[in-house]
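A.B. asks: how would this look folded up:
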Amino acid sequence: MRFIQKNGLQVPETAAAMFRLPELTARIIVGDLSSLISEFQRALLEGDADRSLEIFRVGWTSGLSLAGFFSNILYPVLSHLNTERASGGLDLHDFRLAEKTARTVLARIQNDVAIDEQEGRIAVAACYENEPWEIDLDCVCLLLRARGWKVFQYGADMGVEQLVRAMEVRRAHLVLLSARAVEDGWKFQNDVSAILAPAVKRAGAALAIVGPNLARRFGRKLSVDFIGETAQDLTGFLDNLWS
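C.D. replies: As a prediction, the model looks like this:
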């Protein structure tokens with residue numbers, strides 16, 4: 001309850017989730033995340049958005065931050081399911097249902113987030129072209145909004161030229177590009193280094209790129225302000241950016 005009051009959360013819905021699932025709450029408090037992971041995965045595969053949201057709330061109010069839930073629960077679950085799908089252990093329709101349910105949860109959890117509005121924080125965010133995995137973008141945009149940013153989220157499969165144009169029109173302070181499935185590494189490197197990064201620098205904005213293994217593949221090749229794969233890494237960058 002102290003956590004709920006401190007963070008200005010919606011008490012009836014959030015607190016009720018804790019009391020309806022006391023055993024799961026107790027396990028999380030003592031550091032047992034395996035139960036939360038298995039319960040969350042089961043709810044996503046069943047397409048049960050209400051149950052998934054309830055489990056999310058329990059994990060959150062039991063001590064996990066938004067970034068911690070994304071990095072330690074949501075990403076590992078979806079990555080595991082994606083691996084199972086790729087190996088034939090999970091049907092595509094099951095994976096799509098789980099992904100859609102997770103996105104529904106993220107949309108609904110925004111009502112629980114206390115927004116610390118700070119005038120002037122503007123970000124534009126999009127997925128790299130041919131990128132179908134939009135849920136990563138949902139997560140980082142929710143983190144930005146929770147920190148008071150006004151976010152213009154453009155979704156999947158957007159070319160860098162259009163992202164530059166969006167930055168100029170919105171007068172953004174931050175450009176965020178999500179890229180998980182980068183098949184043509186040379187083109188990605190050229191798009192970022194030759195088109196996106198110079199335009200962002202001229203505008204006096206910051207450029208952040210998020211996605212699995214991007215730092216390993218392109219960390220030394222791209223002139224960006226942040227490159228990483230976890231939500232927790234991004235929160236540290238945001239703290240320093242606005243300080």
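A.B. asks: contacting residues around Ser52?
C.D. replies: Applying CB atoms under 8 Å, 6 or more residues apart in numbering to Ser52 gives the contacts Phe40, Ala43, Leu44, Thr101, Ala102, Thr104, Val105. For the C-beta atoms, the positions are set from N, CA and C on the backbone; glycine is no exception.
A.B. asks: and which of those is nearest Ala203?
C.D. replies: The closest of these to Ala203 turns out to be Ala102 (CB to CB; 33.1 Å).
A.B. asks: still on that earlier bit, need the contacts of Ser52 in CSV (columns: neighbour count and pLDDT).
C.D. replies: As requested, the contacts of Ser52 are exported to CSV (neighbours: other CB atoms under 10 Å; pLDDT from 0 to 100):
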residue, neighbour count, pLDDT
Phe40, 27, 91
Ala43, 23, 94
Leu44, 27, 96
Thr101, 21, 96
Ala102, 23, 95
Thr104, 16, 94
Val105, 24, 93
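A.B. asks: and those residues, which two are furthest apart?
C.D. replies: Phe40 and Thr104 (13.4 Å).
A.B. asks: a markdown table for the contacts of Ser52, including secondary structure?
C.D. replies: Formatted as a markdown table, those follow (DSSP: H, G, I helix; E, B strand; the rest coil):
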| residue | secondary structure |
| --- | --- |
| Phe40 | helix |
| Ala43 | helix |
| Leu44 | helix |
| Thr101 | helix |
| Ala102 | helix |
| Thr104 | helix |
| Val105 | helix |
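A.B. asks: would JSON lines of those residues with distance to Asn240 be doable?
C.D. replies: Formatted as JSON lines, the contacts of Ser52 follow (distance: CB to CB, whole Å):
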{"residue": "Phe40", "distance to Asn240": "31"}
{"residue": "Ala43", "distance to Asn240": "35"}
{"residue": "Leu44", "distance to Asn240": "33"}
{"residue": "Thr101", "distance to Asn240": "34"}
{"residue": "Ala102", "distance to Asn240": "29"}
{"residue": "Thr104", "distance to Asn240": "32"}
{"residue": "Val105", "distance to Asn240": "29"}
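A.B. asks: can you pull the contacts of the residue nearest to the spatial centre of the chain?
C.D. replies: For the chain, the residue sitting closest to the mean C-alpha position, by CA atoms, centre = their mean, is Cys139 at 1.9 Å. Contacts for Cys139 (CB under 8 Å, 6+ apart) come out as Phe70, Leu74, Leu106, Ala231.
A.B. asks: tell me which element it is part of?
C.D. replies: helix 135-146 (DSSP states H and E).
A.B. asks: for stretch 150-158, buried residues please.
C.D. replies: Using 16 or more other CB atoms under 10 Å as the test for burial, stretch 150-158 gives Lys150, Val151, Phe152, Gln153, Met158.
A.B. asks: actually stretch 166-179, sorry about that
C.D. replies: Buried-residue list, stretch 166-179, by 16+ other CB under 10 Å: Ala166, Met167, Ala172, His173, Leu174, Val175, Leu176, Leu177, Ser178, Ala179.
A.B. asks: strands of this structure, start to end?
C.D. replies: With strands called from DSSP state E, the chain shows them at 122-127, 150-153, 174-178, 206-210, 226-228.
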